[in-house]
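K.L.:
Make a model of this:
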Amino acid sequence: MKLKHNKKRNTAFLFEALVKEITKSIISNNLLLKEELVNVVKIHFGKGKVLRQELDLIKNISESKEMDLYTADKLIQETKKDYLKLDKQEIFNEQTAIINRLNKIVGPEIFSNFIPNYRHLATIQQIFSDDIPAKQRVLLERNIIGTMVKKNHNIPKTKEDMPHIDKLVYKKIVENFNTKYKDELLPEQKMLLNNFIVYHGSEEVKFNVFLNEELSRLHNIIEESKEKEIFLSDKELATKLDILDNVFESFKEQRVDENMVYKIMQIQKLVKEIAE
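P.N.:
Numbers count the residues shown, from 1 in each chain. Below is the predicted model of the structure:
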C-alpha cells in the first residue's frame, strides 16, 4: 500500500527547502532574497515556535543512528507522545503561512527543490498521523527503526553521533585532513572544518549560514579574478575558472558531507593562490 504524502505539509521538508533556497540566493549574490528567506526561518522556526518544536521531534528520529533496537523503539514511542502535545491546528496554520510567503517571495518552484532525505522525512511524518491505519504505522516504524540501528561507518553527521569531541579527537581529524593535502591547513580551511564538526546536523541554520557565506566569498573572488590580465590572456586558465562555476552550481543539489567539505577546502586553497 503506497501512501500519498503532501510534502508542503511536511515541516521538515519546508525547512530543508528553505535552507536550500538560502544557499542558492547566497551563491547567486541575491542578498535581498537571502534576507527575506532568513526572516521566514526566524519567524516560523524561531525558539518556542510550534514548527520548531515539531522539527526538533522529527530530528529526534531522523538524526539518531547506531542505536540498539530497544532504544530506537523507545525513542520513537516517546517522541510520538510528545508530538501528541502539539497543537495540530496551529501547525497547519503556520505551514499555510509559510507556503503563502514562499509562493510570493520565490514562487512555487521552491517546492520542487531536491531534498536527498525527503522519503525518510516523509516516512517519519506519517507515523505521527492519525489518518494512517495502525498496521501501516507499525510497518513504517519498523522501516524507520532499521535506519536508526543500521551501522554507519562514515564520519558522524551530528552531535548525537559524536557525543564528545575533545582536543585530541579534533587534532586527529585535522591530521587526517593534513595528510590528504600534504600541507598545513589554511585558517579558512580550519574554520570550515571546525564548523562542520561542531554545528553540521545539530544547528543546521547556523552551519548553513556560515557555509553559504564562505561559498559566496570564494565565488566572488573567482569572479573578480576573471578580470585579471593573466586570465584574460590565457584561455586555458580562464576555462579552469569557468569549470569552477559548474562546481559551485553542483553544490546547490548536494548534501553536505565529508566529500563536499574536501572539495570546498580545495577551492579555498586555490582561491588563496589566485588572490596572492
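K.L.:
Contact partners for Asn117?
P.N.:
Asn117 sits next to Glu16, Ser62, Arg255 when contact means C-beta atoms under 8 Å, 6 or more residues apart in numbering. Every C-beta, even on glycine, is put in place using the N, C-alpha and C of the backbone.
K.L.:
Restricted to buried residues, select those in ChimeraX.
P.N.:
Buried subset of the contacts of Asn117, written as a ChimeraX selection, criterion 16 or more other C-beta atoms under 10 Å:
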select :16,62
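K.L.:
Residue ranges of each domain in the protein, please.
P.N.:
Following automatic domain parsing, one finds the domains of the chain at 7-149, 167-275.
K.L.:
low-confidence ranges in the stretch 151-276 of the chain?
P.N.:
151-184, 197-204, 229-232, 234-238, 240-241, 253, 275-276 (pLDDT under 70).
K.L.:
okay, now Gly107: neighbour count?
P.N.:
Gly107 has 10 neighbouring residues, counting by other C-beta atoms under 10 Å.
K.L.:
Can you pull the phi/psi pair for it?
P.N.:
In terms of degrees, to the nearest 10, the main-chain angles of Gly107 are phi 120, psi 170.
K.L.:
And it, how far from Met191?
P.N.:
Distance of Gly107 to Met191, computed by C-beta to C-beta, to the nearest Å: 34 Å.
K.L.:
and what of Ser225?
P.N.:
Distance, Ser225 to Met191, by C-beta to C-beta: 21 Å.
K.L.:
Between those two, point out the one with more neighbours.
P.N.:
The residue with more neighbours, out of Ser225 and Met191, is Ser225; 17 against 14, by other C-beta under 10 Å.
K.L.:
which residues touch the closest residue to that one other than its chain neighbours?
P.N.:
Nearest residue to Ser225, sequence neighbours excluded (C-beta to C-beta, 6 or more residues apart in numbering): Ile274, at 4.9 Å. Residues near Ile274 by C-beta under 8 Å, 6+ apart: Ile221, Ile222, Ser225.
K.L.:
in what helix or strand does Ile274 lie?
P.N.:
Assigned by DSSP states H and E, Ile274 belongs to helix 258-275.
K.L.:
Dump that helix to PDB, restricted to CA.
P.N.:
Extracted as PDB, the C-alpha positions of helix 258-275 are listed here (Å, rounded to 0.1, in the frame of the first residue of the first chain):
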ATOM      1  CA  GLU A 258      32.800  14.900   4.100                       C
ATOM      2  CA  ASN A 259      33.500  14.800   0.400                       C
ATOM      3  CA  MET A 260      31.800  18.200  -0.200                       C
ATOM      4  CA  VAL A 261      33.900  19.700   2.600                       C
ATOM      5  CA  TYR A 262      37.100  18.300   0.900                       C
ATOM      6  CA  LYS A 263      36.000  20.000  -2.400                       C
ATOM      7  CA  ILE A 264      35.400  23.300  -0.700                       C
ATOM      8  CA  MET A 265      38.800  23.100   1.100                       C
ATOM      9  CA  GLN A 266      40.500  22.500  -2.200                       C
ATOM     10  CA  ILE A 267      38.700  25.600  -3.700                       C
ATOM     11  CA  GLN A 268      39.800  27.600  -0.600                       C
ATOM     12  CA  LYS A 269      43.400  26.600  -1.300                       C
ATOM     13  CA  LEU A 270      43.100  27.500  -5.000                       C
ATOM     14  CA  VAL A 271      41.400  30.900  -4.200                       C
ATOM     15  CA  LYS A 272      44.200  31.700  -1.800                       C
ATOM     16  CA  GLU A 273      46.800  31.100  -4.600                       C
ATOM     17  CA  ILE A 274      44.700  33.200  -7.000                       C
ATOM     18  CA  ALA A 275      44.400  36.100  -4.600                       C
END
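K.L.:
chain center to it, what's the gap?
P.N.:
19 Å (C-alpha atoms, centre = their mean, to the nearest Å).
K.L.:
again, but for stretch 73-85
P.N.:
Worked out by C-alpha atoms, centre = their mean, stretch 73-85 lies 24 Å from the chain centre.
K.L.:
Same question for that stretch: list its buried residues.
P.N.:
So for stretch 73-85, counting by 16+ other C-beta under 10 Å, buried means Asp73, Leu75, Ile76, Thr79, Tyr83.
K.L.:
All set now, cheers.
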